[in-house]
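Asks: sequence and predicted structure, then a few things I'm wondering about:
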Amino acid sequence: MTSVVSSSPLPATRARGHSRRRRRASTGWRGLAYIAPAMLLVLVFFVLPVLLTVWMSLHNWPLMGAQKWIGLKNYTRLLSDARFLQALNFTAFYTLVVTIAIFAVAFPLALFVEKQRRFVGFYRTVIFLPVVVGLATASLLWAWLANVDSGFFSPLLRLLGLVDRSPNLLARFDTAFLTIIVMVVWKIAGFTMILLLTGLQAIPAELDEAARIDGARRFQRFRHLTLPLMRRTIALALIVSITGSILAFDQFYIMTSGGPQNRMISVVYYIFNQSFVSFNLGYGAALSIVLLAILVVISIAQLKLLKIGEERP
Amino acid sequence: MTITDTFAQHPVLSADRPAQMAAAKALRAARARKGAIAYHTAGAAIVLFFAAPFVIAGLSSFRNGTEAQTAPLPPWPTAGFSVDSYRTLDSFGAGIWQHTVNSALVSLATVLLTVLVSLLAGYGFSRYRFPFKNALFVLIIATLMIPFQSILTPLFIILAKLGLNNSLFGLTLVYVTLQLPFSVFMMRNAFDAVPKEIEEAARIDGARDLRLLARVLLPLVLPGVATVAIFAFLNAWNEFLAALVLLSSNEHYTLPVLMMAVRAGRLGAINWGAVQAGVVVMTIPCLFVFLLLQRYYMRGLMAGAVK
Amino acid sequence: MTVIKTLLAATSLAALMLAQPASADTINMWVRTGIGDSFKEVVKAYNAGHDDKVQLTEVPYTELVQKYATAIAGGQAPDALSMDLIYTPAFAAAGQLEDLTDWAKSLPYFNSLSPSHVRLGTYQDRLYGLPLSVETSVFAWNKNLYRKAGLDPEKAPATWEEITANAQKIRALGDDTYGFYFSGGGCGGCMIFTFTPLVWGAGADILSADGKTATLDTPEMRKAVDIYRTMIKKDLVPAIAASDNGANFLSFTNGRIGQQSLGAFAIGTLVTQHPEIDFGVTLIPGVNGKPSSFAGGDNLVVTKGTPRIEEVKTFIQYIYSMDGQKIMAKYGSLPTRGDIADEVLKGLDPRMAVGLKAISVAKTPYTLQFNDLINSNNGPWAAFITAALFGDDVDGAFKTAQEDMQSIIDSGQ
């Protein structure tokens, strides 16, 4: 998506001759009129709240009671806030693991459903099904499935005789984290798969054929032909996955309440807690601004990555 | 070296050509069959993984009240088909029907407004030139980058000042805004893909602006509209945090908020039957809309990915 | 920045003009989900007999405080709210609640209102919250399971040694029968309610009297932790306890839990919803055998500046009337008025009286930071419980929690 942001505006008006110049002033207004409703919404429900957030971040702003201007103190505070650093740490760890996991599943799936064969449409549809339910609903569904008594996994393990007692998957960090990763892969892999599939199908079949005639083995072809040609698609899928993971909240909130022992507090979760549990709205706002800055930096880095992809054929 | 190659190099076997070809064919068919079996076995496993949670929840939700509290092994009702779970779900909040209607209203209004606003904006961005065009476009896209959880309080305050607090309409406006980056991007692409000549021809025929847009261009960008509409529906239907914070009375709550109440438990116990029923109620419309319009949805996604 | 100020000024002006002139005879009131039938029934009875109506909105209990605070910030708060009493100081301190001092003191029965509630409802000598429901923590045992395990079903356990021994016998009954239960998966609220009485009874506390020092690491707390750890190690507690954030707090109702500390409220729930469970109730023993309890429940608070203050007062008086109290008691809530308590409970389940008795030995922590310190699922107390009871490093759990609590207290000064 972001690639278009940087692409030049469409030369929509170049085609028409000099009559265009006379009309330019009026069409300028007309164009603005067309985008006015969208801009109004963005201004009122996005720009204004963000500005308000910046403004709040410079205050000691309890949810109730008087606000007090404290300049940059919220920002200096977060530098030494161990819990915030921990949240950053965890979010980075989660992003890394979940992104690898999603790609490790989505790439084989994309290859699996690439060729037209019997039932392939059915497979694609089923794999994509979890994408259309909400993350909150999915989290709730899996919170149930992972429940130790009334759920599915633990009792199944016990029924199969693999364990003596049903293990409480959500009580220990390792198993709880694994459960969440599996849930997110289940929910997101179909989406990434479709993105990758688009890239795969954009590779001319002749190229692959030629490589095969030249004697390249399947893995070699994948490594030296498919991967380089899919660079842009992969970059796009990466951006989507990384941005989404950095903003992760629902799954931790609903499935583990941030536990066990507060070890699953993501950055957004921490912001949520600061703002809506501890009511330090000013501090929460400062955290939001920092998170925004981090996202902007990462996005710019990824944009660069995308451009490198564009330069190569 | 494959099996067919071996045959070709074998002097004895190559003596009788037709027979050899037939054997090769049979072998190739056998290999293909083997491949197909392996392929579809893998396919079945994949289907199992991705569909099982839905199937388990769907079947389990029809177990009776006491059975619903036990592990779903087997997931289907063994003590008779029952809608106990749905009845329990209905006893939360203002009743399942009311909340479903709320959710449907918000989702449909979000779809309509999103389509309308992004249609106009996409057209504007695609066909007109105006000052700060790129900057404004980037601004709309930038909405994606803010964790909207972090601007909820300002949003709440602004809605309150506008007198739109605790109203489904206010919530709808927020949802529409959240949809805009994707939708405007999508519609701009859709309009860009329409050849200028068509528009020129229509202009010569006297169609202008809105009429041109509605009569001539709309049918051409309909797949894009469908994609935008589906995404808007799914996201509005599924969103829970904004609904939770921005709405404040029982009769306005949407389904996801009801689900949070179910998750929180009642009288110190979670009713897992109600959770299953709730998941089903939340999921069915999404699956329905998706399966009905999946051609557009996939195409829209792919179009977005290719650009 | 002036732009924003202007904008804000302009919008708030608009908001003033839009301020809703809602009909004067409907009181909007928020309650938490799961408040139980008692309050709903009182409202029903009130609405049936009065011109003024009370409209209840149930808010998921985990989000109630957040939502209320946000609603205040947005100027959309309800007229009144049933609020966990421990939050009253924080809200009162923020100047968001109506001062009820003079009116409340004029009530003839003011002095017999639940003292914990009134103390928590008081901030700097002014009264902002009045008792709506009284909730004490008590210890319950399942008589059916006691019988099956060969224990005397009528003999209430008086020490934790006894409780542990009984739990072992009950656990021996079968695969899914357990001796004891608690919500230990980050439910700070549940554990302050059911677990701290163990140390309170023995005279220790987790905060100093002035609330300015965390005193978590005491021999009494070590002993209490040890008792729970032993039961977990002996497999007397269901595995779900380790991740139960409070949603399954009343697991006792499933009939397969032998013993559990729960709220007096649950007595009503058990009696009305689970008549099949035969249970006994006693006070929670401390680690040295001396009983204690947590006096909790809800205070009714009034949002500052509500135009319907008089209507709310009438409603409160109805709640405190004999009729109101009787309806609430009938559906499981303890009487908030000490002077008529016996009369109210007359003819009701005798076990309710244990809940009432608990009030005399009960404590309630008074701190403005209750949420951050104790109640939050992600606070130090909740983390301490999970780490100390289920983790491998008890000393580390004590050390971390003690430090975290102290740092939160200090940052709030």
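Replies: Yep, it's here. Numbers count the residues shown, from 1 in each chain, chains lettered A, B, ... in the order given.

Asks: for C:Lys346, grab the count of nearby residues.
Replies: C:Lys346 has 10 neighbouring residues, counting by other C-beta atoms under 10 Å in any protein chain shown. Where C-beta positions appear, they are placed from N, C-alpha and C, glycine not excepted.

Asks: pull the contacting residues for B:Ser61.
Replies: B:Ala68, B:Ser85, B:Tyr86, B:Gly273, B:Gln276, B:Ala277, B:Val279, B:Val280 (C-beta atoms under 8 Å, 6 or more residues apart in numbering or on different chains).

Asks: and the stretch 1-150 of chain B, which residues reach chain C?
Replies: B:Gln69, B:Phe92, B:Gly93 (C-beta under 8 Å from any C-beta of the partner chain).

Asks: where in chain A is pLDDT low?
Replies: A:1-27, A:63-65, A:305-313 (pLDDT under 70).

Asks: tell me which element the residue nearest the centre of it is part of?
Replies: Nearest to the geometric centre of chain A sits A:Gly244, at 1.6 Å (C-alpha atoms, centre = their mean). Element membership for A:Gly244 (DSSP states H and E) is helix A:231-246.

Asks: which ones among the residues of the stretch 1-150 of chain B next to chain C come in contact with chain A?
Replies: Answer for these near chain A (C-beta under 8 Å from any C-beta): B:Gln69.

Asks: could you find the closest non-adjacent residue to B:Ile157?
Replies: C:Gly74 (5.4 Å; C-beta to C-beta, 6 or more residues apart in numbering or on different chains).

Asks: show me the shaky parts of the stretch 151-300 of chain C.
Replies: Under the criterion pLDDT under 70, no range of the stretch 151-300 of chain C is flagged.

Asks: looking at it, what residue ends up closest to chain A?
Replies: The nearest approach of the stretch 151-300 of chain C to chain A comes at C:Ala242, 3.5 Å away (C-beta to the nearest C-beta).

Asks: what does the stretch 201-350 of chain C put close to chain B?
Replies: C:Gly246, C:Ala247, C:Asn248, C:Phe249, C:Leu250, C:Ser251, C:Thr253, C:Asn254, C:Leu262, C:Ala266, C:Thr269, C:Gln273.

Asks: tell me which two in those are the farthest apart.
Replies: Largest separation among those by C-beta to C-beta: C:Gly246 and C:Gln273, giving 18.4 Å.

Asks: so which of those two has more stuff around it?
Replies: Taking neighbours as other C-beta under 10 Å, C:Gly246 and C:Gln273 compare with C:Gly246 leading, 25 against 17.

Asks: need the contacts of B:Ser61 in TSV (columns: secondary structure and distance to C:Asn144).
Replies: Formatted as TSV, those follow (DSSP: H, G, I helix; E, B strand; the rest coil; distance: C-beta to C-beta, whole Å):
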residue	secondary structure	distance to C:Asn144
B:Ala68	helix	23
B:Ser85	helix	27
B:Tyr86	helix	31
B:Gly273	helix	24
B:Gln276	helix	29
B:Ala277	helix	30
B:Val279	helix	34
B:Val280	helix	35
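
Asks: tell me the least confident of the residues you listed?
Replies: Among the contacts of B:Ser61, B:Ala68 carries the weakest pLDDT, at 83.

Asks: any idea how many residues pack against that one?
Replies: 24.

Asks: go on, C:Gln168?
Replies: 17.

Asks: now the strand or helix carrying it: buried residues?
Replies: Per DSSP H and E: C:Gln168 is located in helix C:160-171. Across helix C:160-171, burial judged by 16 or more other C-beta atoms under 10 Å in any protein chain shown covers C:Trp160, C:Ile163, C:Thr164, C:Asn166, C:Ala167, C:Gln168, C:Lys169, C:Ile170, C:Arg171.

Asks: quick one, what contacts A:Leu207?
Replies: A:Leu225, A:Leu229.

Asks: so it belongs to a helix, correct?
Replies: Yes: assessed with DSSP: H, G, I helix; E, B strand; the rest coil, A:Leu207 lies in a helix.

Asks: can you tell me what sits against stretch C:155-164?
Replies: C:139, C:141, C:166, C:179-180, C:198, C:227, C:230-231, C:234, C:236, C:259, C:280, C:282, C:285, C:287, C:289.

Asks: now the residues you listed: which count as buried?
Replies: The neighbour-count test (16+ other C-beta under 10 Å) marks C:139, C:141, C:166, C:179-180, C:198, C:227, C:231, C:236, C:259, C:280, C:282, C:285, C:287 as buried among these.

Asks: count of neighbours near B:Val23?
Replies: Val isn't right for residue B:23; it's Ala. Residues near B:Ala23, counting by other C-beta under 10 Å, number 14.

Asks: the one 10 residues further on too?
Replies: A total of 10 residues lie near B:Arg33 under the criterion other C-beta under 10 Å.
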